[in-house]
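> Give the three-dimensional model of this entry:
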Amino acid sequence: MKIVLIRHGKPTSAENLVLSASEYTKWVRRYNFSDVSNQSRPDTINKAFSGHYLVSSDFRRAIHSTEIYTGRVPDLISPIYKEMEIPRYKLPFKLKAMTWVYLCRVLWMFGLKGPFESYQLAKQRSELASEQLMALAQDKGTVVLFGHGYMNLHIRRVLIKRGWSLNCKSNDYWGVSSLEIER
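Modelled structure (predicted):
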């Protein structure tokens, strides 16, 4: 059995601008509803994956990435695979967008609450997502998930803990992680 985790392509709204906290909140919303940029394409289009069972997060950039990479729509689209929250806290300074992401994620991981899914709930969701992928792989043989960097990282960790072997990994845009286990 094999599970392939692919991170979506670079979204149209992934600019790394200097932003205030309120501007950062708007940046996150744009990022979450973005398509993949026309300048972001995988190094190779892997039509071989189109013959396998395709799964996608319900975020537009993941669905769009599935279509770009395989030439077809996902067999299953589910919110269980959506990205872990990009938290937003009202802090009194301006930072580059990616600095906001990293700072807010660290605060989030330490338990700072906000109007979004907690880190603990997101980790629980990654466990459920992993279980669903394992069940699909049991039935389909090979499953290819088009998802998101941080969620894919957590899914990969869960699969490794459950005995899956990691063949390759990448968290970059279009990055591929591949895991296998004997039936």
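
> separation between the residue sitting nearest the centre point of the chain and Y24?
By CA atoms, centre = their mean, the chain has its centre lying nearest to H148, at 0.9 Å. H148 sits 18 Å away from Y24, going by CB to CB, to the nearest Å. Every C-beta, even on glycine, is put in place using the N, C-alpha and C of the backbone.

> And for P74?
30 Å.

> isn't E15 right next to A97, touching?
Yes - proximity of E15 to A97 meets the contact threshold set by CB atoms under 8 Å, at 6.9 Å.

> More neighbours: those two, which one.
Neighbour tally, E15 and A97, criterion other CB atoms under 10 Å: the higher count belongs to A97, 19 against 13.

> wait, what's in contact with that one?
Listed by CB atoms under 8 Å, 6 or more residues apart in numbering, the contact partners of A97 are 15-17, 19, 24, 27.

> Which of the residues you listed has the largest number of neighbours?
Neighbour-wise, the contacts of A97 (other CB under 10 Å) top out at Y24, 26 neighbours.

> max-length helix in the protein?
helix 119-140 (DSSP state H).

> Point out the other helices and strands that that helix packs with.
Applying 3 or more CB pairs under 8 Å, 6 or more residues apart in numbering; DSSP states H and E, we find helix 119-140 packed against strand 2-7, strand 53-57, strand 142-147, helix 149-161.
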